[in-house]
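Visitor: give me the fold of what follows.
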Amino acid sequence: MQFTITSAVTLLAFASSAAASPLAARQDALQDWQVTDLAVSVPMGRPGSYPWGTLKANITDPNAINLGTSSDGSQMIVPAGSKGVNCEAKWYINGNSPIGRAWPCDATSNGYWFMHVYEGTNGFSSSNFDLKFTRVAEKIYLDTQYKATFEAKGHFDSRGALGGVCSAGECNWGLLQSKKPFKITPLKA
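Guide: Just a heads-up that it's a prediction; the model follows:
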């Protein structure tokens with residue numbers, strides 16, 4: 001069997017594009033975010049007790065984010081390791097819940113973080129809820145803003161990732177040591 005030059009070039013082009021495609025896909029894939037700490041404290045409503053529930057979380061994004069190319073050809077890269085620290089929901093337990101609003105995390109460089117609390121499998125309770133974390137990665141360069149938003153959602157309950165107890169008029173739940181870090185998959189919003 002004889003190969004012509006055209007056949008050989010076609011075969012090489014096909015082989016190199018097939019080999020390059022999986023590599024490009026791997027480079028674009030995001031690593032899971034890591035919930036490194038989570039604590040929930042809710043009073044049981046005894047008269048005279050503190051009437052505020054709190055949910056605090058910390059999260060880390062191990063991904064470097066490429067926000068694009070600037071007008072001078074520089075790559076706008078936000079470094080890996082951004083942390084959403086002290087993300088905190090606080091609500092009045094006599095009639096309110098933490099659902100339905102954005103809760104801020106501490107300020108960070110190159111953007112900001114916030115979280116939303118959602119109902120779990122049977123409504124919201126301090127031991128059964130979902131959290132959605134949002135990371136806005138941004139950079140200003142040559143008077144131009146470069147920005148991308150990513151989100152990741154996870155389910156937390158006492159039959160999985162949470163451990164805790166209710167006593168002395170208060171329920172306290174936290175991320176089990178064996179579940180740290182709790183991984184959730186980010187997507188570009």
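
Visitor: hey, let's count contacts and neighbours off CA atoms from now on
Guide: Fine.

Visitor: quick check, Tyr112 in a strand?
Guide: Yes: looking at Tyr112 with DSSP: H, G, I helix; E, B strand; the rest coil, it is inside a strand.

Visitor: list the contacts of it.
Guide: Gly84, Cys105, Asp106, Arg135, Val136, Ala137 (CA atoms under 8 Å, 6 or more residues apart in numbering).

Visitor: then Asp32?
Guide: Asp32 neighbours (CA under 8 Å, 6+ apart): Asp61, Pro62, Lys183, Ile184, Thr185, Pro186.

Visitor: among those residues, which lie within helices?
Guide: Taking DSSP state H, every one of those sits outside helices.

Visitor: of the residues you listed, grab the buried ones for PyMOL.
Guide: Buried subset of the contacts of Asp32, written as a PyMOL selection, criterion 16 or more other CA atoms under 10 Å:
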select buried, resi 61+62+183+184+186
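
Visitor: all helices for this structure, in order.
Guide: Counting by DSSP H, the helices of the chain are 5-28.

Visitor: in strands only, show me the contacts of Asp32.
Guide: Applying DSSP state E to these, the entries found in strands are Asp61, Lys183, Ile184.

Visitor: and the strands in this structure?
Guide: So, for the chain - with DSSP E - the strands run 33-43, 52-61, 65-69, 75-78, 82-92, 103-104, 111-119, 128-141, 144-157, 162-167, 170-175, 182-184, 187-188.

Visitor: direction included, what does the fifth one pair against?
Guide: Meaning strand 82-92. When sheet partners are counted by DSSP bridges, strand 82-92 sits next to strand 52-61 (antiparallel).

Visitor: and the contacts of Tyr112, which are buried?
Guide: With burial judged by 16+ other CA under 10 Å, the buried subset of the contacts of Tyr112 is Gly84, Cys105, Arg135, Val136, Ala137.

Visitor: which non-adjacent residue is nearest the second one?
Guide: What that stands for is Cys105. The shortest distance from Cys105 to any non-neighbouring residue, by CA to CA, 6 or more residues apart in numbering, is to Cys87 (3.8 Å).

Visitor: surely that neighbour touches Val117?
Guide: No: counting by CA atoms under 8 Å, Cys87 does not reach Val117; the two are 11.0 Å apart.

Visitor: for the closest residue to Thr36 other than its chain neighbours, give me its contacts.
Guide: Sequence neighbours aside, Pro181 is the residue nearest to Thr36 in space, at 4.8 Å (criterion: CA to CA, 6+ apart). If a contact means CA under 8 Å, 6+ apart, then Pro181 has Gln34, Val35, Thr36, Asp37 as its contacts.
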